[in-house]
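Engineer: how does the following fold in three dimensions:
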Amino acid sequence: MSAIEQARLVREKKASPSELLEATIERYNEYNPHINAVNIVWLEHARELAKKADGMQSDAPFHGVPTLFKDLGLLYAGQRLSQGNKAVKALNYVPQETSELAARFVAAGLIPFGRTNSCEWGSLPVTEPEAWGPTRNPHDLSRTCGGSSGGAGAAVAAGIVSVAHASDGGGSIRIPASCNGLVGLKPSRGRVSLAPLGDEAGFSVHFAVTHTVADTAAMLDAVHGSGIGDGVVAPPPSRPFIQEIGADAGSLRIGLLDHDPLGMHVDTECRDAVRATATLLESLGHHVDESYPSALADASFPPRFGAMWATVQAVSRDSLSALLGRPATSEDIEAVNWAQAEYAARSSAVDYAKSVAASAMFRRALAQWWHDGYDLLLTPTLARIPFPVGSFTNDPNDPLKPSKLAGQWVRFTSQFNMSGQPAISLPLARTATGLPIGVQLVAAYGRDDLLLRVASQLEAAAPWKAFTTTALD
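Structural biologist: Residues are numbered from 1 along each chain as shown. Below is the predicted model:
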């Protein structure tokens, strides 16, 4: 059941929050040993929250609905957080404050009962941390569930929860949405507050993965808006996002990109999915032509993004040292992230400033295409179908190998972290063997409403509810 449907059960007194939670825990106990999606639980705390909710009358939109928080970035006072790192795991780190977004999840009536597995510091598009082991795709246990929000994606795909917190610094909401057959919206920069520790001006945004566009819209209504001291605040919507579901989208001008402008390989199945979606969009009255922003053919973008991404790993290493109370060593950090941190440490502040300035120019060049008259861009979410588990394992002889492989796979997502635009992955196709394939739509900055409107139109025309069967059933 969707989160909206579960909340309706509670509202109509056909189920209590405690009953929903116990059913969720039962499914977690049955399926999680096979997929390793959930790595930390606080069941007694969740049961206390559910028991308190049992006796409450509440107009919270998701009153009594169980959920999960990603094991990265989102603070929840009194409950463990490891950031996917083996040293933090060993430390049994427990935050003493709660992130603004976590508080909004709870205020919306959701009951968190644990955390979902993430790669270390969210640095890779798979979820195979040395600290916790790999999370497997519920549609094919031999394949990756994507990352870094792979645990969230696998937990929702397996039906453990209907909605789970996720974050996206280079595609980490959209990648697992594609791999697991889910809806994954990366909201506009500044749409969701990252208080108290995050910087809205950076690459990363936090939100969720779901099964339905309506759940995504209702969740965005519940959590969007600025927090104290936010550096970027997205323009407010003209009406609630849930009202975009089923709303008339008119006739839109949509650009089609089914290949990598820089010449990297794109699997035939991924290209076919985009072409089929273009045909579907045209049947719905939209105009689709082969056009895309020329900035996407800028060969300087990948190394520029990579350099700034490496800086994030260096900052994470320094934060780990502060948490441990001693300098972090290569024994505390996975080889790929240590190598990235070392690379960043050899760069100067001037090098970083040049990358920041270049990224601003890239953002403006990218936005020009939308300004010139296009409404949406249609692309594959990923260049290839999900890799076998173990493909991204750390290699001491080539520590940057996982990052290089990531660069070949994630060809269509990180550009829009740089630009801050909203983008959504929709599960509109499958391979011959049943693996989901996501298709991405990208809107101009601030037009999350338009994405949701068209996504709901596609969901109605080509429902993906049948895609929820898994290899676990």
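
Engineer: only C-alpha atoms from now on, for both contacts and neighbour counts.
Structural biologist: Will do.

Engineer: can you pull the contacts of the most centrally placed residue in the chain?
Structural biologist: Centroid check for the chain by C-alpha atoms, centre = their mean gives I173 as the closest residue, at 1.3 Å. By C-alpha atoms under 8 Å, 6 or more residues apart in numbering, the residues touching I173 are G147, S148, S149, A166, S167, G184, L185, K186, F207, A208, V209.

Engineer: what's the closest of the residues you listed to A87?
Structural biologist: S148 (18.5 Å; C-alpha to C-alpha).

Engineer: hmm, that closest one is touching P129, no?
Structural biologist: No. The criterion here is C-alpha atoms under 8 Å, and S148 misses it with P129 at 9.8 Å.

Engineer: so between the two, which is more surrounded?
Structural biologist: Ranked by neighbour count (other C-alpha atoms under 10 Å), S148 and P129 place S148 first, with 36 against 24.

Engineer: show me the shaky parts of the chain.
Structural biologist: Filtered on pLDDT under 70, the chain yields the residue ranges 466-470.

Engineer: only the buried subset of the contacts of I173, as a ChimeraX command please.
Structural biologist: To isolate the buried ones among the contacts of I173 in ChimeraX, judged by 16 or more other C-alpha atoms under 10 Å, type:
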select :147,148,149,166,167,184,185,186,207,208,209
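
Engineer: can you put the contacts of I173 in a markdown table and add distance to P196 and secondary structure?
Structural biologist: Shown next, in a markdown table, are the contacts of I173 (distance: C-alpha to C-alpha, whole Å; DSSP: H, G, I helix; E, B strand; the rest coil):
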| residue | distance to P196 | secondary structure |
| --- | --- | --- |
| G147 | 24 | coil |
| S148 | 21 | coil |
| S149 | 21 | coil |
| A166 | 17 | strand |
| S167 | 16 | strand |
| G184 | 24 | strand |
| L185 | 22 | strand |
| K186 | 20 | strand |
| F207 | 16 | strand |
| A208 | 19 | strand |
| V209 | 22 | strand |
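
Engineer: kindly reformat the contacts of I173 as TSV containing distance to D449.
Structural biologist: Formatted as TSV, the contacts of I173 follow (distance: C-alpha to C-alpha, whole Å):
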residue	distance to D449
G147	25
S148	25
S149	23
A166	20
S167	19
G184	14
L185	11
K186	12
F207	15
A208	16
V209	17
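
Engineer: what sits in contact with each of S148 and P129?
Structural biologist: Taking C-alpha under 8 Å, 6+ apart as the criterion, S148 and P129 both touch S118, C119.

Engineer: mind jotting down where the strands sit in the protein?
Structural biologist: Assigned by DSSP state E, the chain shows strands spanning 38-41, 66-70, 111-116, 136-137, 140-144, 163-168, 183-186, 205-210, 253-256, 287-289, 376-380, 423-430, 436-443.

Engineer: so what's L252 closest to, chain neighbours aside?
Structural biologist: H286 (4.9 Å; C-alpha to C-alpha, 6 or more residues apart in numbering).

Engineer: that's all I had, so thanks and see you.
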